[in-house]
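K.L.:
any chance you could fold what I've pasted below:
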Amino acid sequence: MRAVVDQAAGLWGFDTARITLAAQRENAVWRVDDGFALRLHRVGYRTEAELVSELSWMGALAASGMAVPRPIPSSGGRLIETVEGVAVDVLTWLPGRMVGKQGALEGITDRVGYMRKPGRAAGTIARCFGRVDSLPQGFTRPRWDRDFAGFIPTPSGRFWDNPDLTPGEQGLLQALRERANEELSRIESTQDFGLIHADAITENDDRRRYDWPHRF
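P.N.:
Numbering: from 1, shown residues only. Sure thing, here's the model as predicted:
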């Protein structure tokens, strides 16, 4: 992994000695002391078109005044570079501290009041930047719709085939899938459909971010 980081650093003109590992989850995130985040994307998880679309969307959010990282093109003018088969991008680094792990809200006494802030931000994203009919040509992101979310194998696997489930539990999940599929197919034409932040968890939440001004 370090070899990929060192090669990628040259594509953005970074000093490799100033780059350290910050987080390892779906992506490996490396911090550049100059104020950037260098991300190594999990191989085979997202296509280049999906990653470029994500970065373009983030750029639009940043340009509007939302406190989100801003994509930085490489010296070659590309948002995504491929190094030894690994997709790499760079974002501006936003300092902050996550509100807690595994759903906890650490040090926050007014839990309801606090959660209104990310709720408003999520609503603003969906209202101002989530309309499918306003997206540029070629924009593509994974679809968490009825055909995907829970009804076919997800990137995490077929949850209904979990070996820890008893036959009765597997049967219950299969029945639930069939019932949910029927209900959603009946109402989906009347529901909103557009871009969302699909990973709004406390580990991704900065307690200071929602105090910043948003301009729309």
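K.L.:
how far does the helix or strand of the chain at the bottom of the mean pLDDT ranking sit from its chain's centre?
P.N.:
Here the helix or strand of the chain ranked lowest by mean pLDDT, DSSP states H and E is helix 111-129, holding a mean of 78. Remark: helix 111-129 is offset 16 Å from the chain centroid, using CA atoms, centre = their mean, to the nearest Å.
K.L.:
and the next helix or strand past it?
P.N.:
Downstream of helix 111-129, the first helix or strand assigned by DSSP states H and E is helix 167-187.
K.L.:
give the buried residues for that next one.
P.N.:
Of the residues in helix 167-187, those with enough neighbours to count as buried (16 or more other CB atoms under 10 Å) are 173, 184. Where you see a C-beta, it was placed from the backbone N, CA and C, and this is true even at glycine.
K.L.:
chain center to it, what's the gap?
P.N.:
The chain centroid and the centroid of helix 167-187 are separated by 27 Å under CA atoms, centre = their mean.
K.L.:
mean confidence score for it?
P.N.:
Mean pLDDT, helix 167-187: 87.
K.L.:
now swap in stretch 61-74 and tell me
P.N.:
With pLDDT averaged residue by residue, stretch 61-74 scores 88.
K.L.:
and the end-to-end length of that stretch?
P.N.:
Taking CA to CA, to the nearest Å, the span from the opening residue of stretch 61-74 to its closing residue is 20 Å.
K.L.:
now it, how far from the centre of its chain.
P.N.:
14 Å.
K.L.:
do the same with stretch 136-152
P.N.:
In terms of CA atoms, centre = their mean, the centre of stretch 136-152 is found 14 Å from the chain centre.
K.L.:
so what touches that stretch?
P.N.:
The contact list for stretch 136-152, computed with CB atoms under 8 Å, 6 or more residues apart in numbering, reads 46-47, 49-50, 53-54, 56-57, 154, 159, 177, 180-181, 184-185, 188, 193, 195-196, 198.
K.L.:
per-residue confidence averaged over it?
P.N.:
Averaging the model's pLDDT scores along stretch 136-152 yields 73.
K.L.:
check contacts around Ala28.
P.N.:
Residues touching Ala28, when contacts are defined by CB under 8 Å, 6+ apart, comprise 1, 21, 39-40.
K.L.:
of the residues you listed, buried ones?
P.N.:
Applying 16+ other CB under 10 Å to these, the neighbour count classes 39-40 as buried.
K.L.:
filter the contacts of stretch 136-152 to the buried ones?
P.N.:
Under a neighbour-count criterion of 16+ other CB under 10 Å, the subset of the contacts of stretch 136-152 counted as buried comprises 46, 50, 53-54, 57, 184, 195.
K.L.:
the residues you listed into CSV, with extra columns for secondary structure and distance to Gly138?
P.N.:
Formatted as CSV, the entries for the buried ones among the contacts of stretch 136-152 read as follows, by DSSP: H, G, I helix; E, B strand; the rest coil; distance: CB to CB, whole Å:
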residue, secondary structure, distance to Gly138
Arg46, coil, 15
Glu50, helix, 11
Ser53, helix, 8
Glu54, helix, 13
Trp57, helix, 12
Leu184, helix, 28
Leu195, coil, 15
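K.L.:
just put those residues in CSV and tack on distance to Gly119.
P.N.:
Supplementary listing: the buried ones among the contacts of stretch 136-152 in CSV, determined by distance: CB to CB, whole Å:
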residue, distance to Gly119
Arg46, 27
Glu50, 26
Ser53, 25
Glu54, 22
Trp57, 20
Leu184, 23
Leu195, 17
